[in-house]
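1. what follows is a predicted structure for the sequence shown.
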Amino acid sequence: MIQSQSIIEQARNYLEQGNKLRSQGKIEQSVQKYCQSIEIKPDFIPSLIKLAEAYESQSDWESEIICLSRIIELKPDIPAMHLRLARALKKQGNYFSSFKAYEKAAELKQDWTPEIYQEIGDAYKQNCKLGEAALFYQKAIYLSPSNHIFYLSLGDLYSSMSDFAVAAKVYQQVLKSNSGHRKKIYEKLAASYIKLGQHDEARQASKFAALLSEPRPLFSNKHNLTMLFSAKAGCTFAAKWFFYQAGLLDAAEAYHSWIHNFRVQVFYKSAEYRESIDSMLDSSTNTIKIVRNPYSRAVSSYIHAIKYGYADTEMKAYLGREVTSERKFSFREFVGYLSSIDLWNCDIHHRIQVSLLEREAFLKVDYTVHLEESLTRLKSIEMELNLKDSNYSLLSKSSHHTSRAEFDDFSGDKIFCLRPSDKSEFIPHAKSFYDDELQAKISYLYAIDFLQYGYDKNVLP
């Protein structure tokens, strides 16, 4: 008895040493201590659990699986161990064994969290046990009825079963809540209606999906005014002009110096906007769209990308080399990347300017405003629609504007490296980035923008 107690104390001592080392970030040393504990007492479950956790932190799935399997062999009725084993096996790519572990976890415990019921449901779906998967998704919904993710999983499941009527009902149910991802849900609802042959309902759902596509239109029912815009095409100026006309500019600038914070965090979430969003499609609404020459915009998108790094991960994958703050990419490389992606469904900073609302003819633009001529054009619109006279020198200020300088040298192959704080860096004008090849590529990639908005492909800005 004394010897047994001494063994347990030694095992616990090594366990505590391992825990201390792990808390210090010394994972390898902690693994050694846990192994020493288990060597003294092979059935010491606390050390086996900690060893499994250490292997998990190292992404050593095989070693973690061995530990978890040993724990389950010693004590087969711990649901959490079966769940962890299922996850480790899944990460290892052993999906069938992972499913069996999920199955055992579900058998042993009846009160999982909704997130875990969702996870178990996913495992059943992956193994084509669709009826059981539906039951687990429904349990998740029952426990967390406001979580749209669970509804989406259930709706997608019924879609995969070709039960589009039930799928549509599930998508409609989640739309009754104020959940996020409404655009995606409307798209899925539209797809279900199409499968059911309900084309009018499908078009209506598609219309709402288009209204929720970023960047969302600015709309004031009171002023009968809609503003469409695109990122890197005078979007800050467009937002300021609209909020000025709507009497909201002071509130927007008081909320945050970056006008888009007010647009996204306050304006779009307002009850007035949400409740009247479909009114902007009324033919009597005055709709304005501010657009930019695609040649200038492509260069502006490039500068924004190298300055803020939002495309670094994608560019690294495209170029097959490291992309860092010290080593970025050229405009030619950026255009090559643009050629490899879907410009209808990509980051808004280089997405096609023609919106889904325009492409699908859900909305008619009454006034197209070229950014290059926006001051005179908007002046005439203000007079025509009896709107307020704007102060353009104030509205056109933006911290994202970059100084431009005249350069005779071609800059399309030069790699610029900018940071957000670099305000004094001079960048050549857009035309300096183009040769015949790059001009042809941009004119092809954004052909619909050139056509829709009346820009000449043959003339560089």
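-> In hand now; what should we look at? Residues are numbered from 1 along each chain as shown.
2. show me where the stretch 251-400 of the chain has helices.
-> Listed in chain order, the helices found in the stretch 251-400 of the chain under DSSP state H, counting those that start in this stretch are 259-262, 271-276, 294-308, 312-319, 331-339, 356-359, 374-384, 392-395.
3. need the winner for burial among those.
-> Highest mean neighbour count among these (mean count of other Cβ atoms under 10 Å): helix 294-308, with a mean of 23. Where you see a C-beta, it was placed from the backbone N, CA and C, and this is true even at glycine.
4. pull the CA atoms of that helix into CSV?
-> Below are the C-alpha coordinates for helix 294-308, written out as CSV (Å, rounded to 0.1, in the frame of the first residue of the first chain):
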residue,chain,number,x,y,z
PRO,A,294,-11.1,51.0,-64.4
TYR,A,295,-7.5,51.7,-65.3
SER,A,296,-7.1,54.2,-62.5
ARG,A,297,-9.1,52.0,-60.1
ALA,A,298,-6.9,48.9,-60.8
VAL,A,299,-3.8,50.9,-59.9
SER,A,300,-5.5,52.3,-56.8
SER,A,301,-6.5,48.7,-55.8
TYR,A,302,-2.9,47.6,-56.2
ILE,A,303,-1.6,50.5,-54.1
HIS,A,304,-4.2,49.7,-51.4
ALA,A,305,-3.2,46.0,-51.5
ILE,A,306,0.5,46.6,-51.0
LYS,A,307,-0.1,49.3,-48.4
TYR,A,308,-2.6,47.3,-46.2
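5. list of residues touching it?
-> With Cβ atoms under 8 Å, 6 or more residues apart in numbering as the test, helix 294-308 has contacts from 230, 232-233, 292, 310-311, 315, 328-329, 331, 334-335, 338, 349-350, 353, 372, 400, 402, 416-420, 422, 427, 430-431, 433-434, 439, 442-443, 446, 449-450, 455, 460-461.
6. quick one: what helix or strand has Ala101 in it?
-> helix 95-108 (DSSP states H and E).
7. for that helix, buried residues please.
-> Applying a neighbour-count criterion of 16 or more other Cβ atoms under 10 Å, one finds 97-106 buried in helix 95-108.
8. show me where the stretch 151-300 of the chain has its strands.
-> Assigned by DSSP state E, counting those that start in this stretch, the strands in the stretch 151-300 of the chain fall at 218-220, 225-228, 286-291.
9. tell me how far the last one lies from the chain's centre.
-> Taking the mean C-alpha point of strand 286-291 and that of its whole chain, the gap between them comes to 26 Å (Cα atoms, centre = their mean, to the nearest Å).
10. which secondary structure element of the chain has the lowest mean pLDDT?
-> The weakest-scoring helix or strand in the chain, judged by mean pLDDT, DSSP states H and E, is strand 404-405 (a mean of 54).
11. on that earlier part again, can you list the buried residues of helix 95-108 in CSV and add pLDDT and distance to Ser192?
-> Listed next are the buried residues of helix 95-108 as CSV, based on pLDDT from 0 to 100; distance: Cβ to Cβ, whole Å:
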residue, pLDDT, distance to Ser192
Ser97, 95, 34
Ser98, 95, 30
Phe99, 95, 28
Lys100, 96, 33
Ala101, 96, 33
Tyr102, 95, 28
Glu103, 95, 30
Lys104, 95, 34
Ala105, 95, 32
Ala106, 94, 29
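12. can you list those residues in CSV and add distance to Val174?
-> Formatted as CSV, the buried residues of helix 95-108 follow (distance: Cβ to Cβ, whole Å):
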residue, distance to Val174
Ser97, 33
Ser98, 28
Phe99, 27
Lys100, 31
Ala101, 30
Tyr102, 25
Glu103, 28
Lys104, 31
Ala105, 27
Ala106, 24
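13. which of the residues you listed lies closest to Glu119?
-> Nearest to Glu119 among the buried residues of helix 95-108: Tyr102, at 7.6 Å, using Cβ to Cβ.
14. pretty sure that closest one contacts Ala86?
-> Yes - in this structure Tyr102 lies within contact range of Ala86 using Cβ atoms under 8 Å: 4.3 Å.
15. now do the shared contacts for the two.
-> By Cβ under 8 Å, 6+ apart, the residues touching both Tyr102 and Ala86 are Ala123.
16. for stretch 126-146, list every residue counted as buried.
-> 127, 129-130, 132-137, 139-141, 143-144.
17. tell me the one of those residues nearest Tyr158?
-> Set against Tyr158, the nearest of those by Cβ to Cβ is Ala134 (7.6 Å).
18. confidence score at the closest residue to Glu201 other than its chain neighbours?
-> In this structure, Glu201 finds its nearest non-sequential neighbour in Tyr193, 4.4 Å apart by Cβ to Cβ, 6 or more residues apart in numbering. Tyr193 carries a pLDDT score of 97 in this model.
19. run a quick neighbour tally on Tyr193.
-> Using other Cβ atoms under 10 Å, Tyr193 has 23 neighbouring residues.
20. so what's Asn386 up against?
-> By Cβ under 8 Å, 6+ apart, no residues touch Asn386.
21. tell me how far the residue most central in space within the chain lies from Tyr444.
-> Nearest to the geometric centre of the chain sits Asp347, at 8.9 Å (Cα atoms, centre = their mean). Using Cβ to Cβ, to the nearest Å, Asp347 is found at 19 Å from Tyr444.
22. then Lys269?
-> Distance, Lys269 to Tyr444, using Cβ to Cβ: 39 Å.
23. where in the chain is pLDDT low?
-> For the chain, the stretches with pLDDT under 70 are 1-5, 178-180, 397-408, 421-425.
24. what count of nearby residues applies to the residue lying closest to Leu248 once chain neighbours are set aside?
-> Distance criterion Cβ to Cβ, 6+ apart; nearest residue to Leu248, sequence neighbours excluded, is Phe267 at 7.2 Å. Applying other Cβ under 10 Å, we find 25 residues neighbouring Phe267.
25. tell me which residues touch Phe267, please.
-> 218, 243, 248, 252, 273.
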